[in-house]
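Colleague: Below are the sequence and a predicted model; questions follow.
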Amino acid sequence: MLRLTRLNLQVLSVTMLLTFALIAGASLFAARTLQAQAAVRSAQLLANSLAPTLVFEDKAAAITEVSILSKTSEVRAIRVLNASAMPFVQWPLEEVGAWPAVPAELAGADVFKRRHLKDVEVWVAIKLKGERVGSLYMKESLQAVQLAVLRMVALSALLVALAIWQAGRLLRWVQRRALAPIVELSVLAEQVALSQDYSRRAQVHGPDEVGRLSERFNQMLERVEIGQAELNQRVRLEQQAGQQFEQLAHRDSLTQLPNRLFFQSTLQRHVLQSCQQADLMALMFIDLDNFKAVNDQHGHEVGDAVLREVASRMSKVLRNADVLCRLGGDEFALILPALPNEAVAEQLAQRLIAAVQEPMMMGGHLMPVGATIGLAFCPTEEMDAPHLLRAADAAMYAAKRAGKNTFRRAAHAAQ
Ligand SMILES: Nc1nc2c(ncn2[C@@H]2O[C@H](COP(=O)(O)OP(=O)(O)OP(=O)(O)O)[C@@H](O)[C@H]2O)c(=O)[nH]1
C-alpha cells in the first residue's frame, strides 16, 4: 500500500471512529432520556387514575389500574402509598426486597425521578383537586432500550468498518491514478541516473502540476544531453589533438618514419623482452654512403628527396614486426625482434644494401648513395640497449672502414 494511502486511511479511520463513538454515545443518552420521560408520563397518567381509588380506599380498582400499567414490559415495580405514606397497593404483589423511601425532594414537587445505569425510578405525587392523597413509585428498566441502542451501534460499527475498507480501496485506486505519473517520473529519473542516457524523455500526461513537472524534467534532460554532447565533442577533439601531438613527437617529419625518441623507448622495450624470454633480436645501425656529396652537388632539397626514397626502399624489404627509425641526418636504425636465427638478419642487411644501391635518378642525375650497416644481436652479444646500440654503431664504422656498401656484425667488428 502506498504510504500516502495508508496515512489517508489512518486519518479517515480515526475520524470515522471518533464520529461513530460520539453518535453512539449521543444516541444512547437520547434513548435513555426519552424512555425516562415516557416513564414519567406513564406514572403521571397512572397517578391520575389512582387518585379516586385512594380517596375511596378502593384497593381492587387500584390493583386493576396498576396491573394495566404493569403489563408494560419495562415496568419492574409499582408501589402506591396513601396520604399517610402507608403502602396501599403494590406490584408485584410479593415483596421484592426493600422499597425505597419517598425522597424528600417530592415534598416540594409533583414529580421526582432518579436515573441509574440500568433503570429509572419515578415518584409522582397523587393529587385530587389539588390535594395530595398519596404518592406513586414506579421503577422502569432501561435495559431494553440500551440493548436496542447497542444493537444499532454494533450494526453501525459493522457498516463503518465496511465503509473504511471500501474507502481504503477507493483511496488506493484514486491515489494510484493520481500518483502514477510521479512514480513514472521517479522511475525514469533513476534509470537515467544509472544509464546516463539523457536522450530519454518523460511522458507529459496533462497540463496539471505533474504535467508541468514532467515538462521541466524533460527540459532539464535536454540541457544535460546538449551539455554532454558538447563535452564529449571537446573530449574527442582533445583526444585527437593528443594523438596528433603524440604522433608528431614520435615521427620524423621528413621520412614519416619513427624518430630517435620513439626508437629509444622501443629498443629498450624489445631488449628487455628479448633478455627475459631469451628471444633473439637484432639491431642494425644504417648510415648512408656519400650523402654529403648529394647535398653538395644537387642541393639540400634533392638530399631530402634521397632520404625519403631511401626510407621508402628500405621499408619495402622489411618484415611487419621490424621497426625502422630515422635517427637524424643520414642515419637510420632498424630493430628486428623475434628472429628465428642470426642468418635471417644478415640476409636482410644484404637486401637493404641492395635496395639502397639500386640506381636512383633525381632530376636526371644518378645519386651515388649506398648504405653501410652495423649489426648486433641480443641477448647473444649484448644484454642492454646502450651496449647494443654502441656495438651496432661500432660494427657500422667497421663496415665503413671495410669499404662501405656492406655490413658488419658486432662480433666481427674488429675484422
Ligand atoms: N638534405 C639533408 N641533409 C642532411 C640532413 N641532415 C643532415 N644532412 C646532411 O647529411 C650529411 C651527412 O654527412 P656524412 O654522413 O658525414 O657524409 P657522407 O657523405 O654520408 O659520409 P660517409 O658516411 O662517410 O659516406 C651532411 O652534409 C649533413 O649536412 C637533412 O635532413 N637533409
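Modeller: Nice, thanks for sending it over. As the structure is a prediction and not an experimental result, all values here were calculated from the model. Residues are numbered from 1 along each chain as shown.

Colleague: buried ones in stretch 324-337?
Modeller: 324-327, 330-337 (16 or more other C-beta atoms under 10 Å). Where C-beta positions appear, they are placed from N, C-alpha and C, glycine not excepted.

Colleague: State the mean pLDDT of that stretch.
Modeller: Mean per-residue pLDDT for stretch 324-337: 97.

Colleague: What ranges does this structure have for its strands?
Modeller: Remark: strands assigned in the chain by DSSP state E are 75-82, 87-91, 111-115, 119-128, 131-141, 281-289, 323-328, 331-336, 360-362, 365-367, 370-378, 407-409.

Colleague: Kindly reformat those as TSV and extend each row with distance to the ligand.
Modeller: Shown next, in TSV, are the strands of the chain (distance: least, C-beta to the nearest ligand atom, whole Å):
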stretch	distance to the ligand
strand 75-82	135
strand 87-91	144
strand 111-115	127
strand 119-128	130
strand 131-141	130
strand 281-289	4
strand 323-328	7
strand 331-336	8
strand 360-362	12
strand 365-367	12
strand 370-378	7
strand 407-409	14
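
Colleague: Nearest to N259, out of the ones you listed?
Modeller: Among the strands of the chain, the nearest to N259 by C-beta to C-beta is strand 323-328 (6.5 Å).

Colleague: Not counting stretch 257-264 itself, show me its contacts.
Modeller: 249-252, 266, 311, 315, 323-328, 332-333, 335, 385 (C-beta atoms under 8 Å, 6 or more residues apart in numbering).

Colleague: and the stretch 101-250 of the chain, which of its residues are near the ligand?
Modeller: Residues of the stretch 101-250 of the chain found near the ligand (C-beta under 6 Å from any ligand atom): none.

Colleague: Return the residues in contact with whatever residue of the stretch 51-200 of the chain ends up closest to the ligand.
Modeller: Distance from the ligand to each residue of the stretch 51-200 of the chain (C-beta to the nearest ligand atom) is smallest for Q196, at 50.2 Å. For Q196, the contact set (C-beta under 8 Å, 6+ apart) comprises Q228.

Colleague: ok, how many other residues are close to the residue in the stretch 1-150 of the chain that the ligand sits nearest to?
Modeller: Using C-beta to the nearest ligand atom, the closest approach of the stretch 1-150 of the chain to the ligand is made by R3 at 79.1 Å. R3 has 8 neighbouring residues, counting by other C-beta atoms under 10 Å.

Colleague: and if you look at the one 10 residues further on?
Modeller: Using other C-beta under 10 Å, S13 is surrounded by 17 other residues.

Colleague: Next to the ligand, which bits of the stretch 251-400 of the chain? Give me the list.
Modeller: Within the stretch 251-400 of the chain, the positions lying close to the ligand (C-beta under 6 Å from any ligand atom) are 254, 287-293, 295, 300, 303-304, 307, 329-330.

Colleague: buried subset of those?
Modeller: 287-289, 291, 303, 307, 330.

Colleague: so where do the helices sit in the stretch 201-350 of the chain?
Modeller: Using DSSP state H, counting those that start in this stretch, the helices found in the stretch 201-350 of the chain span residues 209-250, 260-277, 291-298, 300-316, 342-357.

Colleague: in the stretch 101-250 of the chain, what spans have low per-residue confidence?
Modeller: In the predicted model of the stretch 101-250 of the chain, no residue satisfies pLDDT under 70.

Colleague: Of all residues in it, which one is closest to the ligand?
Modeller: L248 (16.6 Å).

Colleague: neighbours around that residue, how many?
Modeller: Neighbour tally, L248, other C-beta under 10 Å: 10.

Colleague: cool, and E230?
Modeller: A total of 10 residues lie near E230 under the criterion other C-beta under 10 Å.

Colleague: Provide a list of residues in contact with L117.
Modeller: Neighbours of L117 in contact, by C-beta under 8 Å, 6+ apart: L142.

Colleague: Show me the domain layout of the chain.
Modeller: 1-94+103-147, 196-249, 260-409 (the TED database).
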